[in-house]
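Enquirer: How does the following fold in three dimensions:
(one chain, ligands or ions: 2)
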Amino acid sequence: MIGEGSDVTTNGSSPLEVDPFEVDAERPEAGHAVFDQERAERAVREFLLACGEDPDRDGLRETPARVARAYRELFAGLYCDPDHVLDRTFDESHEELVLVTDIPIFSLCEHHLLPFHGVAHVGYIPNGQGKVTGLSKLARLVDMYAKRPQVQERLTSQVADALNRKLRPRGVIVVVEAEHLCMSMRGVRKPGSRTTTSAVRGLLQSSASSRAEALELIKGRR
Ligand SMILES: Nc1nc2c(ncn2[C@@H]2O[C@H](COP(=O)(O)OP(=O)(O)OP(=O)(O)O)[C@@H](O)[C@H]2O)c(=O)[nH]1
Ligand SMILES: [Zn+2]
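Expert: Ligands and ions are numbered 1, 2, ... in the order given. Below is the predicted model:
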């Protein structure tokens, strides 16, 4: 049995989009990165030229501005403090597993800036001292770490470490399953291959039976 008593499993829903400006306004002291729209536009225009394209032709005229806006959104996690998402906790004396599965993720691999996408499963065992977070915050946390230039291993452990740091839970488990388009549409060209990464902390690391039970719930979720 994971934690004390029976398991509690909650199925995940789509994560909400991060609004970097909303977070910025709340935490101007956080000192995180700022997106330079004009510089990004110039860089995209230069890149199109380097690729042998004509950025002034009709179809491409608006593209640098569009691409810059798109990447501002795709990298929204750079412009906010993910820990902030876990600031609000509920006074709930639950001491059993809380597991949100199938949180959709879209990230960009930092090697090729091509997408990797799939699902994340995030679980934790609260410490029973009022440190329970809202379920949507788990999905928001994943989103904030996904919306950066990433590698899948780091995304996985960053989510686990943030939960561990902020909630001081008895245990944490994060599993990410994703397809990397840099392996599908170019390079080794293996569409459909999926990479699974996991990060476990606390009881879910030290107790093989607790970990096995959490993994079983993730595996048999449908
Ligand atoms: N460990 C890890 N590797 C990744 C991730 N995303 C992409 N990669 C890998 O990063 C590696 C970069 O390898 P390099 O040899 O430097 O680059 P490359 O010549 O473009 O490599 P190929 O993709 O094999 O053509 C590739 O093996 C990718 O599959 C990730 O999230 N984690
Ligand atoms: Zn890549």
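Enquirer: all contacts plus neighbour counts: C-alpha atoms, from now on.
Expert: OK.
Enquirer: does residue 174 really touch residue 158, like I thought?
Expert: No: using C-alpha atoms under 8 Å, residue 174 is not in contact with residue 158, being 9.5 Å away.
Enquirer: The two: who's more crowded?
Expert: Using other C-alpha atoms under 10 Å as the criterion, residue 174 and residue 158 rank with residue 174 on top: 27 against 19.
Enquirer: element containing that one?
Expert: In the assignment (DSSP states H and E), residue 174 maps to strand 171-180.
Enquirer: could you check whether that strand is close to ligand 2?
Expert: No: using C-alpha under 5 Å from the ion, strand 171-180 stays clear of ligand 2, coming no nearer than 6.6 Å.
Enquirer: strand partners of that strand, parallel vs antiparallel please.
Expert: strand 115-125 (antiparallel), strand 195-202 (antiparallel) (DSSP bridges).
Enquirer: ok now do residue 160, which residues does it touch?
Expert: Counting by C-alpha atoms under 8 Å, 6 or more residues apart in numbering, residue 160 makes contact with 172-174, 199-201.
Enquirer: quick one on the thing from earlier: tell me which of the strands paired with strand 171-180 sits nearest to ligand 1.
Expert: Closest to ligand 1 of the strands paired with strand 171-180, according to C-alpha to the nearest ligand atom: strand 115-125, at 7.6 Å.
Enquirer: Pick out the residue of this protein closest to ligand 1.
Expert: Counting by C-alpha to the nearest ligand atom, the chain gets nearest ligand 1 through residue 151, at 3.2 Å.
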